[in-house]
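Participant: I would like to see how this sequence folds:
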Amino acid sequence: MKRMLVIVVALVSMLVPAAVPATGRPPAPAGAANPSAAPLELAVDATQAPRKLIQARETIPARPGPLTLHYPKWIPGEHGPTGPIVNLAGLEFTAAGRTLPWRRDPVDMYAFHLDVPDGARRVEVALEYLAPSDGKFSAGPSTTDHLMVLSWHWVLLAPPGANDDIAVQASLRLPTGWKFGTALTVTRTSGGLIDFAPASLATLVDSPVLAGDHLRTIALSTAEPAVELAIAGDSEPALAASPQFIAAMRKVVDEAGALFGARHYAHYTFLLTLSDRLPFSGLEHHQSSDNRFGERALIDDAVGRGALDVLTHEYVHSWNGKYRRPAGLATPDFQTPMQGDLLWVYEGLTQYYGKVLAARSGLWTAEQYRDNLAQIAASLDHVPGRSWRPLADTAVAAQLQYRAPSEWGAERRGTDFYNEGWLMWLEADVLIRQATSGRRSLDDFCRRFFGGESGPPTVKPYRFDDVVAALDEVAPHDWRGFFRQRLESTGTHAPLGGIERGGWRLAYDGERSPALKDREAAFKRIEMGYSLGLRLGTDGRIVDVIPGMPAAEAGLGPGMTVVAVDGRAFTPDVLRQAVSAARPLHLLVDNDGTIIGATLDHHGGELYPHLVRDQAEPDRLSDTIAPRTANR
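Facilitator: This is a model prediction of the structure:
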């Protein structure tokens, strides 16, 4: 928003057994900017969450006359109009003992119009949320028989006004025996009913609740402001976090503190969901984060290795994205459209430091960091779509890109501002280290730009000029030109300057890295993008082809299914053996029921990316991931 948004509620996260006080600390102050206004009351009944039904009742202060109520549309962190209104049901309005007719706005489908009768001082709303079994972000699957991640924007309608000016008194009823974690302040629990301290609408929606019958909490920092990890899983064995993982998470907190120099939360809770029934994802909040991994992520290294950096990514967002936020994303309410032109800072810089903190903390080894970087660099270096779509457009069009199918991804380009942002900010970091002979780095920019004074959540918007000015203070350079060239130009290759000036180069050989094997296993994919220009599922279905490479030249396209390779029925091993033979491949392919033949002219064998040390340059890349704090 144009002015500073100040959320003065000091939130705590507790996991509370029945009838036990939530905290020994006094309740935090309410989050409403106008405390004299009567709060909106919201009572959520999630006792039927296992069957994917959540019910809510609201009491909204009102005056007689026309009233428009809005279902949240633009959800912070999701960068698009993703409010799941299609799952809203059972809507009923009453006032002064009368049922009120309502009508949806014919243009803004998220707005509902009604008339408040004379003598009424409030409107009561009953509604249901039909929890889905597919979808993306917080509109996707969020409940199982054993757990739930409750996003408050599912179950409320709001009157006009800025989100931080609307106070909400919320309560939540859980299934019997379920425990919970959240960044909200709890004032009372009784059985499965939890009462929360009044908070602003902005704070409430920014504070999801993780609940389940298998749930544990782990203290990551006992110093104020305290940091906790709340873990819920579909089974009790899934919660068995190793001592090494817990130590690394505690190091994450230390390393982030050393990087930014200040904390803009009163208390922080990592919410971690372990379930194979919910899609892998992460969503940032100011004092918590919603992280969703496979059920065995903490007890099976092969499952967890490729996921754990999501925790660091979302944690970095507490500084970059929540405290400092692009002006176009700092909107006053959930109905104002967001502008994503600076997502290459919001998400790209967060992607960079999320990976860096994973390495600095020990969640990743240095080799794992390099393997993941090699995979991303190679993937982005094989995106012909960059010849027509500049990186800047992937950010501006983010609300469209998130919903784009995976087919033809190399030609279309996707949300490249994440991973190409990683490459771009790595290059900026290496340039600063090179120009200052190692005396300064991008860490110094982060401390200046995202540090400041520690305290409760505050939003401080920024613009492109602010980013350039802060970088110039750290190391004078044509930063405006640096970013504009990389954001606005079209070309063939990804920006690999950070890798190369960092003392490494991108190379290919026939050996798959552990990071690539993990990725293939997690997504049931076969990566032949760097040899055949082909990406396909383990069932043979083609996910994407890269224009200009053998698969595309042979006439293959997404949606086809490979059924045979050189006369043998398709399996992943059969395909790999044929590619390793370093001779043309003959495929039989099912194209919507028609069997066609295709010959792929490739003689180079299997090719997979790696980073190889270049002794002509100092190893600045390793310097970027060197820990800043001593081991505990």
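Participant: quick one: which helix or strand includes the closest residue to Leu343 other than its chain neighbours?
Facilitator: What sits nearest to Leu343 in space, not counting adjacent residues and going by CB to CB, 6 or more residues apart in numbering, is Ala395, at 4.0 Å. All C-beta atoms are positioned from the backbone trio N, CA, C, and that covers glycine. Element membership of Ala395, judged by DSSP states H and E, is helix 391-396.
Participant: again, but for Arg505
Facilitator: For Arg505, the element it lies in under DSSP H and E is strand 504-509.
Participant: who does that strand pair up with?
Facilitator: strand 608-613 (antiparallel) (DSSP bridges).
Participant: which strands and helices sit next to the helix or strand following the partner strand?
Facilitator: Per DSSP H and E, strand 608-613 leads on to helix 620-624 as the next helix or strand towards the C-terminus. Applying 3 or more CB pairs under 8 Å, 6 or more residues apart in numbering; DSSP states H and E, one finds that helix 620-624 makes contact with helix 419-435, helix 497-501.
Participant: deepest of those, which one?
Facilitator: helix 419-435 (a mean of 23; mean count of other CB atoms under 10 Å).
Participant: what's the neighbour count on the nearest residue to Leu357 once chain neighbours are set aside?
Facilitator: Distances taken as CB to CB, 6+ apart place Thr312 nearest to Leu357, at 4.1 Å, with adjacent residues excluded. Thr312 is flanked by 29 other residues according to other CB atoms under 10 Å.
Participant: list the beta-bridge partners for the nearest residue to Trp154 once chain neighbours are set aside.
Facilitator: Closest residue in space to Trp154, ignoring its immediate chain neighbours: Tyr129 at 4.4 Å, by CB to CB, 6+ apart. Judged by DSSP bridges, the bridge partners of Tyr129 are Ile54, Leu88.
Participant: show me the domain layout of the chain.
Facilitator: Domain ranges of the chain: 325-503+618-624, 531-606, per automatic domain parsing.
Participant: now the helices for the stretch 201-350 of the chain?
Facilitator: 201-205, 243-260, 301-304, 309-316, 343-346, 348-361 (DSSP state H, counting those that start in this stretch).
Participant: whoops, the stretch 501-632 of the chain was the one
Facilitator: In the stretch 501-632 of the chain, the helices defined using DSSP H, counting those that start in this stretch lie at 514-523, 550-553, 572-580, 620-624.
Participant: what's the closest of the ones you listed to Gly497?
Facilitator: Comparison of these against Gly497 by CB to CB identifies helix 620-624 as nearest, at 11.4 Å.
Participant: in the closest one, which residues are buried?
Facilitator: By neighbour count on 16 or more other CB atoms under 10 Å, the buried set for helix 620-624 is 620-622, 624.
Participant: got it, and stretch 612-620?
Facilitator: Applying a neighbour-count criterion of 16+ other CB under 10 Å, the buried positions in stretch 612-620 are 614, 617-618, 620.
Participant: what is the neighbour count of the spatially closest residue to Tyr608 that is not a sequence neighbour?
Facilitator: Counting by CB to CB, 6+ apart, Tyr608 lies nearest to Arg512, which is 5.0 Å off, once chain neighbours are set aside. Number of residues near Arg512 (other CB under 10 Å) recorded here: 19.
Participant: which ones are touching Arg512?
Facilitator: 520, 527, 606, 608 (CB atoms under 8 Å, 6 or more residues apart in numbering).
Participant: just flag the most distant two among those residues.
Facilitator: Taking CB to CB, the two most distant members of those are Glu520 and Glu606; they sit 12.6 Å apart.
Participant: please say which of these two ends up with more neighbours.
Facilitator: Legend: neighbour count by other CB under 10 Å for Glu520 and Glu606, higher for Glu606 (21 against 17).
Participant: hmm, the more buried one is touching Ser531, no?
Facilitator: Yes. With contact defined as CB atoms under 8 Å, Glu606 counts as touching Ser531 (5.7 Å).
Participant: any common contacting residues for those two?
Facilitator: Residues touching both Glu606 and Ser531 (CB under 8 Å, 6+ apart) are Val579.
Participant: ok, and the closest non-adjacent residue to Val149?
Facilitator: Once flanking residues are discounted, Val149 sits nearest to Ser142: 4.6 Å by CB to CB, 6+ apart.
Participant: what does Arg63 give?
Facilitator: Once flanking residues are discounted, Arg63 sits nearest to Val116: 6.6 Å by CB to CB, 6+ apart.
Participant: same question for Asp290.
Facilitator: Distances taken as CB to CB, 6+ apart put Leu283 closest to Asp290, at 4.4 Å, once the chain neighbours are dropped.
Participant: contacting residues around that neighbour?
Facilitator: 77-78, 137-138, 289-290, 314.
Participant: inside strands: which ones of the residues you listed?
Facilitator: Among the contacts of Leu283, DSSP state E puts 289-290 in strands.
Participant: kindly write the ChimeraX command that selects the buried subset of the contacts of Leu283.
Facilitator: Those of those that count as buried under 16+ other CB under 10 Å are selected in ChimeraX with:
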select :77,78,137,138,289,290,314
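Participant: tell me how many other residues surround the residue nearest to Leu343.
Facilitator: 28.
Participant: and what of Asp105?
Facilitator: Look at Asp105: counted by other CB under 10 Å, it has 12 neighbours.
Participant: quick check, it in contact with Ala111.
Facilitator: Yes. Using CB under 8 Å, Asp105 makes contact with Ala111 at a distance of 3.9 Å.
Participant: now do the shared contacts for those two.
Facilitator: Thr68.
Participant: quick one: low-confidence ranges for the protein?
Facilitator: Applying pLDDT under 70 to the chain flags residues 1-37, 631-632.
Participant: ok, back up a step: so how far is Ile60 from the residue nearest to Arg63?
Facilitator: 10 Å (CB to CB, to the nearest Å).
Participant: got it, and Thr331?
Facilitator: Applying CB to CB to Thr331 and Ile60 gives a distance of 21 Å.
Participant: which of those two has more residues huddled nearby?
Facilitator: Just comparing Thr331 and Ile60: by other CB under 10 Å the higher neighbour count belongs to Ile60, 23 against 20.
Participant: now do the contacts for Trp74.
Facilitator: Per CB under 8 Å, 6+ apart, neighbours of Trp74: 80-83, 331, 334-338.
Participant: cool, Val209 as well?
Facilitator: Val209 neighbours (CB under 8 Å, 6+ apart): 148-150, 172, 180-182, 184.
Participant: among the buried residues of helix 620-624, which one sits closest to Glu473?
Facilitator: Closest to Glu473, out of all of the buried residues of helix 620-624 and judged by CB to CB, is Thr624, at 19.9 Å.
Participant: which residue, other than its chain neighbours, is closest to the closest one?
Facilitator: Spatial nearest neighbour of Thr624, excluding adjacent residues (CB to CB, 6+ apart): Asp429 at 5.5 Å.
Participant: I'd guessed the one you found sits against Arg501; true?
Facilitator: No. Counting by CB under 8 Å, Asp429 does not reach Arg501; the two are 9.8 Å apart.
Participant: send me stretch 344-358 as PDB with only the CA atoms.
Facilitator: Output of stretch 344-358 as PDB, limited to C-alpha atoms (Å, rounded to 0.1, in the frame of the first residue of the first chain):
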ATOM      1  CA  TRP A 344      12.500 -10.900  -9.300                       C
ATOM      2  CA  VAL A 345      13.400  -9.300  -6.000                       C
ATOM      3  CA  TYR A 346      10.600 -10.600  -3.800                       C
ATOM      4  CA  GLU A 347      11.000 -14.200  -5.100                       C
ATOM      5  CA  GLY A 348      14.300 -14.200  -7.000                       C
ATOM      6  CA  LEU A 349      16.400 -12.800  -4.100                       C
ATOM      7  CA  THR A 350      14.500 -15.000  -1.700                       C
ATOM      8  CA  GLN A 351      15.200 -18.000  -3.900                       C
ATOM      9  CA  TYR A 352      18.900 -17.200  -3.800                       C
ATOM     10  CA  TYR A 353      19.200 -16.700   0.000                       C
ATOM     11  CA  GLY A 354      16.900 -19.700   0.600                       C
ATOM     12  CA  LYS A 355      19.400 -21.900  -1.100                       C
ATOM     13  CA  VAL A 356      22.400 -20.100   0.500                       C
ATOM     14  CA  LEU A 357      20.900 -20.500   4.000                       C
ATOM     15  CA  ALA A 358      20.200 -24.200   3.300                       C
END
